[in-house]
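> next come a sequence and a model predicted from it.
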Amino acid sequence: MQTDDLERERRRKAVAEVLGCQALEGVRPSSTHLAELQRYADGLVSLDELMTQLIERIRQCSPGAPDKDQEGRL
């Protein structure tokens with residue numbers, strides 16, 4: 001995925017805002033989370049790809065989280 005300089009700057013600002021909000025809430029992002037956000041800021045993944053990765057990681061870490069089949073019924 002190729003991004004131009006304006007898009008890369010927009011993504012960098014979005015990531016900074018996310019990290020700022022998390023800091024205000026007392027959330028300390030893991031190194032994995034920071035790496036995922038950096039890949040997004042660098043234009044290596046789309047927002048949809050990033051969200052898919054984060055959702056999958058949450059599912060793996062959360063016992064009893066609904067799977068894709070159950071998700072549609074909620």
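Okay, I see it. Since the structure is predicted, the reported quantities are computational estimates derived from the model, not experimental observations. Numbering: from 1, shown residues only.

> what stretches of the protein score poorly on pLDDT?
Counting by pLDDT under 70, the low-confidence segments of the chain come to 1-3, 64-74.

> could you pull out the strands for it?
Counting by DSSP state E, one finds no strands in the chain.

> can you list the residue ranges for helices in the protein?
For the chain, the helices defined by DSSP state H occupy 5-24, 31-41, 47-61, 68-71.

> deepest of those, which one?
Ranked by mean neighbour count under mean count of other C-beta atoms under 10 Å, those are led by helix 31-41, which reaches a mean of 15. For the C-beta atoms, the positions are set from N, CA and C on the backbone; glycine is no exception.

> who's in contact with Asp42?
8, 11 (C-beta atoms under 8 Å, 6 or more residues apart in numbering).

> same deal with the one 5 residues further on?
By C-beta under 8 Å, 6+ apart, the contact set of Leu47 is Tyr40.

> how much space between it and His33?
Counting by C-beta to C-beta, to the nearest Å, the gap from Leu47 to His33 is 15 Å.

> again, but for Glu25
The separation that Glu25 has from His33, given C-beta to C-beta, amounts to 14 Å.

> again with Ser62
Between Ser62 and His33 the distance, using C-beta to C-beta, works out to 15 Å.

> what do you get for Val15?
With the distance defined as C-beta to C-beta, Val15 ends up 11 Å from His33.

> kindly report the same for Glu7.
Relative to His33, Glu7 is positioned 21 Å away (C-beta to C-beta).

> next one: Gly20
Applying C-beta to C-beta, the value for Gly20 to His33 is 14 Å.

> what do you get for Asp5?
25 Å.

> having no further points to raise, I will conclude here.
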